[in-house]
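Visitor: build me a structure from this.
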Amino acid sequence: MFFWRRKKKQDEAETAAEAQAQNVESTIEPSPDIQEPPLGDSEADIALSDQSAAPVATEATVVETIHTPEAVVDALPIKTEAPEPVPIPATPEEPEPEQKPELQPEPDTEQSQSEEEKEEAVSDEETEEAPRRSLFRKFVDRIKSTRDALVNRVVGVFKRHGKIDEELLEEIEEVLITGDVGVDTTLALIDDLRTAVKRQKKTGSSDINWLIDTLKHSIRERLDCGSRDLQWAKEGPTVVLVVGVNGTGKTTNIGKMGQRFKLAGQRVLMVAADTFRAAAIEQLTVWAERAGVDIVAGAEGADPSSVCYKAMEQIKEKEYDVILIDTAGRLHTKFNLMQELEKMGRVLGREIPGAPHEVLMVLDASTGQNAIQQAKTFTQAVNINGIILTKLDGTAKGGVTIAIHDQFHIPVKLVGVGEGIEDLEDFDPDAFTNALFEGAEQSEG
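Guide: Residues are numbered from 1 along each chain as shown. You can find the predicted model right below:
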């Protein structure tokens, strides 16, 4: 029994080995030097087979010996799987060249900043030029009568005469004098024309545009009289003393100035020190209420200096930026005028160093040569810093503007060209001159 059990197991082992060998043959070719042992049924063959069944190491088979409790050595073949074929790597395709993003040129910071600065500069220039253009257009409309009385008459005289000579210059002289430019200023302008004619050899010429340009340039030069800015105190409130004869619009323009300062954010105090004119106090009080500013007023006939002292007490209780003082315009002699203004100045100066900081004289352009006489009287008695020229609109006597600058060398700082609050303008000599000669050069032919 034992023999047959062993033989049965031997047969099963051989059968498994044959199957294994067949599987290996399909993948691995056997070496020609190795021959399989013959199989037989006899006992000798079995013994021989047992010997041949000893573990043999080959490339395809590994035999593992296992000892069982029955002391039977079972030679069990272990199948080894064929190695997986190593894949041949395909020839790598050349990678497409990486598309680099197009480099954008870096912005030139300095250039961009320069362009921004230029734009800002242009913007600033446009902002500054806008009021000038507006004032120019207003001048063009409001000084039409003066333009007709001066420049358009000069053009008419030239067209009638036809050429530049001494006779033409004499006729232009007459036009300027009757246009309230004043005798002294007119003679100076004609001398400029005469000199230019000789220097540029224009005698006998029919070049009207040259004549107009030369006259325009000469007038513009005479309007240069220093700064037109108001003189402000270095610290504390700025005191503005306003003088002038009654009827020039002095009180009205103080009211307009007060409203302008208030709209600009200034704290304003008006002082009604013209106590000799009955309506002056009431008139200035109305303007103060309209502008929404404070006012200090005295009784009719009171000492103007006492009203100023009262105003100085007011500034101790409340801070102000601008103090506008109206003064009497009916003083019979220069001596009385000088005495009164000096007294007011002492009262103001005790409380505010340097006061008054600005003395403005109001002149009525429609009075023509009378305005020149008033300017002479006041400039002899008072140190005038600037002039407010009123009622320039609607008068043919605006030539007095040229005479005031030329004879007194005092700048016109403010000019009235209408009744409204917006019609009190800063005087611009370029806008005035251009408006005065507007259209003159197109009159040829």
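
Visitor: list the buried residues of the helix or strand harbouring Gln339.
Guide: For Gln339, the element it lies in under DSSP states H and E is helix 334-351. For helix 334-351, a neighbour-count test (16 or more other C-beta atoms under 10 Å) marks Leu337, Glu340, Leu341, Met344, Gly345, Val347, Leu348, Glu351 as buried. Where you see a C-beta, it was placed from the backbone N, CA and C, and this is true even at glycine.

Visitor: got it, and stretch 184-201?
Guide: Neighbour counts using 16+ other C-beta under 10 Å place Thr185, Thr186, Ala188, Leu189, Ile190, Asp192, Leu193, Ala196, Val197 of stretch 184-201 among the buried residues.

Visitor: again with stretch 205-223
Guide: In terms of neighbour count (16+ other C-beta under 10 Å), stretch 205-223 has its buried residues at Ile208, Trp210, Leu211, Ile212, Thr214, Leu215, Lys216, Ser218, Ile219, Arg220, Arg222, Leu223.

Visitor: wait, which of those residues is closest to Trp232?
Guide: The shortest approach to Trp232 among the buried residues of stretch 205-223 belongs to Leu223, at 23.4 Å (C-beta to C-beta).

Visitor: what sits against the closest one?
Guide: Leu223 makes contacts with Thr401, Ile402, His405, Pro429, Phe432, Thr433, as judged by C-beta atoms under 8 Å, 6 or more residues apart in numbering.

Visitor: wait, what's in contact with the second one?
Guide: Residues touching Ile402, when contacts are defined by C-beta under 8 Å, 6+ apart, comprise Val181, Gly182, Thr185, Ile219, Arg222, Leu223.

Visitor: now tabulate those in TSV and tack on distance to Asp141 and secondary structure.
Guide: Shown next, in TSV, are the contacts of Ile402 (distance: C-beta to C-beta, whole Å; DSSP: H, G, I helix; E, B strand; the rest coil):
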residue	distance to Asp141	secondary structure
Val181	22	coil
Gly182	25	coil
Thr185	25	helix
Ile219	20	helix
Arg222	24	coil
Leu223	20	coil
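
Visitor: list just the nearest of the residues you listed to Thr252.
Guide: Using C-beta to C-beta, the contacts of Ile402 come closest to Thr252 at Leu223, 25.0 Å.

Visitor: and the closest one, how far from Ala311?
Guide: Taking C-beta to C-beta, to the nearest Å as the measure, Leu223 falls 35 Å from Ala311.

Visitor: try Ser218
Guide: From Ser218 over to Ala311 the distance is 45 Å, taken as C-beta to C-beta.

Visitor: and if you look at Leu414?
Guide: Leu414 is 22 Å from Ala311, by C-beta to C-beta.

Visitor: again, but for Arg346
Guide: Arg346 is 14 Å from Ala311, by C-beta to C-beta.

Visitor: likewise for Lys202?
Guide: Distance, Lys202 to Ala311, by C-beta to C-beta: 59 Å.

Visitor: what's the answer for Ile219, then?
Guide: Counting by C-beta to C-beta, the gap from Ile219 to Ala311 is 41 Å.

Visitor: all strands for this structure, in order.
Guide: Along the chain, counting by DSSP state E, strands occupy 61-67, 73-79, 238-243, 268-272, 294-297, 322-326, 358-364, 386-390, 412-416, 424-426.

Visitor: now those strands as JSON lines including mean pLDDT, mean neighbour count and distance to Ala278?
Guide: Converted to JSON lines, the strands of the chain look like this (pLDDT from 0 to 100; neighbours: other C-beta atoms under 10 Å; distance: least, C-beta to C-beta, whole Å):
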{"stretch": "strand 61-67", "mean pLDDT": "40", "mean neighbour count": "12", "distance to Ala278": "141"}
{"stretch": "strand 73-79", "mean pLDDT": "42", "mean neighbour count": "14", "distance to Ala278": "139"}
{"stretch": "strand 238-243", "mean pLDDT": "96", "mean neighbour count": "25", "distance to Ala278": "19"}
{"stretch": "strand 268-272", "mean pLDDT": "97", "mean neighbour count": "26", "distance to Ala278": "12"}
{"stretch": "strand 294-297", "mean pLDDT": "96", "mean neighbour count": "21", "distance to Ala278": "13"}
{"stretch": "strand 322-326", "mean pLDDT": "97", "mean neighbour count": "28", "distance to Ala278": "14"}
{"stretch": "strand 358-364", "mean pLDDT": "95", "mean neighbour count": "24", "distance to Ala278": "19"}
{"stretch": "strand 386-390", "mean pLDDT": "96", "mean neighbour count": "25", "distance to Ala278": "21"}
{"stretch": "strand 412-416", "mean pLDDT": "94", "mean neighbour count": "23", "distance to Ala278": "24"}
{"stretch": "strand 424-426", "mean pLDDT": "92", "mean neighbour count": "18", "distance to Ala278": "25"}
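
Visitor: just put those in CSV and tack on distance to Ile254.
Guide: CSV is the format used below for the strands of the chain (distance: least, C-beta to C-beta, whole Å):
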stretch, distance to Ile254
strand 61-67, 126
strand 73-79, 124
strand 238-243, 5
strand 268-272, 7
strand 294-297, 10
strand 322-326, 5
strand 358-364, 9
strand 386-390, 9
strand 412-416, 11
strand 424-426, 10
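
Visitor: quick one: which of those is nearest Lys262?
Guide: Among the strands of the chain, the nearest to Lys262 by C-beta to C-beta is strand 268-272 (5.4 Å).

Visitor: now the angle from the closest one to strand 322-326?
Guide: Counting by axes from the mean of the first three to the mean of the last three C-alpha atoms, to 10 degrees, strand 268-272 lies at 20 degrees to strand 322-326.

Visitor: ok, strand 268-272: who's next to it in the sheet?
Guide: Under the criterion DSSP bridges, strand 268-272 sits next to strand 294-297 (parallel), strand 322-326 (parallel) in its sheet.

Visitor: wait, which of those strands is closest to Asp274?
Guide: Across these, Asp274 has its closest neighbour in strand 322-326 (4.6 Å, C-beta to C-beta).

Visitor: hang on, Asn246 packs against Thr327?
Guide: No. Applying C-beta atoms under 8 Å, one finds Asn246 not in contact with Thr327, separated by 10.7 Å.

Visitor: can you tell me what sits against stretch 252-269?
Guide: Contacts of stretch 252-269 with the rest of the structure, by C-beta under 8 Å, 6+ apart, involve 237, 240, 242, 270, 283-284, 286-288, 290-296, 311, 314-315, 319-324, 326, 362, 388, 390, 414, 416, 421, 424.
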